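1. after the sequence you'll find the predicted model.
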Amino acid sequence: VVDPNPPVDERPVYESHAHEQQRSRITREGLQEKYDCNMRASFHNAFCAGFNRPLRVLMVPPDLFLHGEKALGTRRISSDTARSNAGPRSEIGTLRTGLARPIRPSGASGFSIGWPRKFCERERKTMATRADAIATAREHLHSGDFIAELNRRVGFRTQSQEPLPGDPMRAYLVEGLAPAFADMGFTTRIVESPVGKGPYLLADYREDPSLLTVLSYGHGDVVGGMEGEWRDNLDPWRTTIKGERVYGRGTADDKGQFMTFIEAARAWIKTTGSLPIKATFLIEGEEESGSPSLVPFLKANRQELSCDAAFVCDTNMWDAKTPAITTRLRGLVHEEITITGPRIDLHSGMYGGLAQNPLHLMARLLADLHDATGRVQVPGFYDDVDELPESLRQQWQALAFDHAGYLGDVGLSVPAGEQDRTPLEK
């Protein structure tokens with residue numbers, strides 16, 4: 001039972017970034033005796049489809065692992081109605097990453113959070129131990145070892161959309177990640193995809209079979225390096241530090257973020273001798289190309305990957321100092337359309353006014369996906385999309401999102417999408 005009037009410090013309260021019919025309030029109160037500590041949220045549809053059942057999942061900003069003195073909570077959300085607005089990707093990493101929506105507390109209502117109670121009791125007894133582990137992680141970060149390891153992993157050219165010769169993804173898993181898990185007492189193995197894609201790395205920690213099982217997901221592949229196109233001619237395959245920013249392909253998606261999972265486990269084991277959970281780490285190499293084999297892989301390994309909660313660290317921060325828990329992700333639709341034209345090339349002077357041009361037909365199909373106001377014209381597209389609650393809309397407006405500057409940073413000035421939606425809602 002949660003105190004209906006919990007003490008709230010003067011820092012902002014955070015609201016999850018999602019279309020919801022009820023408010024989903026996330027607070028940064030300390031974990032105290034009278035509070036339960038369940039953190040519930042949903043992960044994207046691949047996990048639910050793979051396991052064919054709902055999962056309790058938390059999209060975790062690395063800030064929680066390296067600066068985790070505070071607990072956060074959010075109500076459970078059904079994954080089958082998931083919708084969100086995710087911003088464009090950035091390859092500018094920071095030492096803390098995530099995505100947030102700050103608001104101020106209104107009223108004194110409580111909220112429901114609830115990991116299984118035996119876990120909460122263990123957490124209450126280990127607050128001092130947690131502080132020691134956090135101090136260990138910070139020491140590792142500031143020693144330069146964290147950046148050195150990140151630099152070595154960025155050096156694996158694991159682009160998946162246009163793979164390079166030599167299978168660098170497999171080398172990254174075997175040489176770049178597996179030794180770090182083995183040093184902590186994990187058992188590791190490379191698993192081939194059941195559909196000929198992959199590979200995957202599985203790392204397991206099973207010291208006490210009675211503990212909860214947490215599945216942590218990350219991906220080791222990156223988008224193309226785009227050598228020669230980086231500001232100041234930076235090398236995408238090595239880290240460069242400028243101020244508080246770390247540049248390099250994968251520093252912000254997803255090698256940098258996933259290292260916080262590894263560092264959290266390393267710091268806890270170094271401080272206490274073992275983890276307070278059973279842990280499984282799953283790393284894939286196809287996320288940037290649509291994860292075509294992830295769902296078949298999850299289904300084929302459902303028993304081994306069964307868990308009580310799943311964690312993912314592949315999201316953004318609202319700004320450099322504001323972390324968040326992301327509960328919904330923007331989805332993707334992949335379709336291939338083939339238009340068949342004449343059996344041979346035609347001379348425009350003879351057939352130009354009579355024969356249909358397949359390129360014109362394709363252009364018309366694409367143009368008809370939206371109307372003049374930006375609304376999607378695919379039948380049934382909006383049928384299961386819940387309207388944004390007014391309370392959440394007001395909280396988003398309070399963020400003072402600078403959409404002009406957001407677009408201006410990439411050389412644009414006119415927002416696309418539905419004209420009756422604010423830029424942040426889009």
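-> On my side now, so go ahead.
2. and the host helix or strand of Arg138, what's buried?
-> Taking DSSP states H and E as the criterion, Arg138 maps to helix 127-142. By neighbour count on 16 or more other C-beta atoms under 10 Å, the buried set for helix 127-142 is Arg130, Ala133, Ile134, Thr136, Ala137, His140, Leu141. The way it works is simple: take the backbone N, C-alpha and C, and place the C-beta from them, glycine included.
3. not counting residues beside it along the chain, what's closest to Phe401?
-> Residue nearest to Phe401 in three dimensions, not counting chain neighbours: Leu424, with 4.5 Å by C-beta to C-beta, 6 or more residues apart in numbering.
4. please report phi then psi for that neighbour.
-> Leu424 adopts backbone torsions of phi -70, psi -40, taken as degrees, to the nearest 10.
5. that one touches Trp396, doesn't it?
-> Yes: contact criterion C-beta atoms under 8 Å: Leu424 and Trp396 qualify, at 5.1 Å.
6. right, and the helix or strand after the longest helix seen in the chain?
-> The helix that spans the most residues within the chain, counting by DSSP state H, is helix 255-272. Next in sequence after helix 255-272, counting helices and strands by DSSP H and E, comes strand 278-284.
7. what's that following strand packed up against?
-> In this structure, strand 278-284 makes packing contacts with strand 200-205, strand 213-219, helix 255-272, judged by 3 or more C-beta pairs under 8 Å, 6 or more residues apart in numbering; DSSP states H and E.
8. dump the C-alpha coordinates for the next helix or strand after it into PDB.
-> Next helix or strand after strand 278-284 toward the C-terminus (DSSP H and E): helix 294-300. These are the backbone C-alpha positions of helix 294-300, laid out as PDB (Å, rounded to 0.1, in the frame of the first residue of the first chain):
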ATOM      1  CA  LEU A 294      14.200 -11.100 -33.600                       C
ATOM      2  CA  VAL A 295      10.600 -12.400 -33.300                       C
ATOM      3  CA  PRO A 296      11.500 -15.900 -34.600                       C
ATOM      4  CA  PHE A 297      14.500 -15.900 -32.300                       C
ATOM      5  CA  LEU A 298      12.400 -15.000 -29.300                       C
ATOM      6  CA  LYS A 299       9.900 -17.700 -30.100                       C
ATOM      7  CA  ALA A 300      12.600 -20.300 -30.700                       C
END
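9. could you pull up the mean pLDDT of the helix or strand just after helix 294-300?
-> Downstream of helix 294-300, the next assigned helix or strand under DSSP H and E is strand 309-312. For strand 309-312, mean pLDDT rounds to 89.
10. residues of strand 309-312 that come out buried?
-> Buried residues in strand 309-312, counting neighbours by 16+ other C-beta under 10 Å, are found at Ala309, Ala310, Phe311, Val312.
11. note down every partner strand of that strand and its orientation.
-> strand 57-59 (parallel), strand 213-219 (parallel) (DSSP bridges).
12. pull the number of nearby residues for Pro276.
-> Neighbour count for Pro276, taken as other C-beta atoms under 10 Å: 19.
13. Leu202 bridge partners, please.
-> Beta-bridge pairing of Leu202 under DSSP bridges involves Arg189, Leu282.
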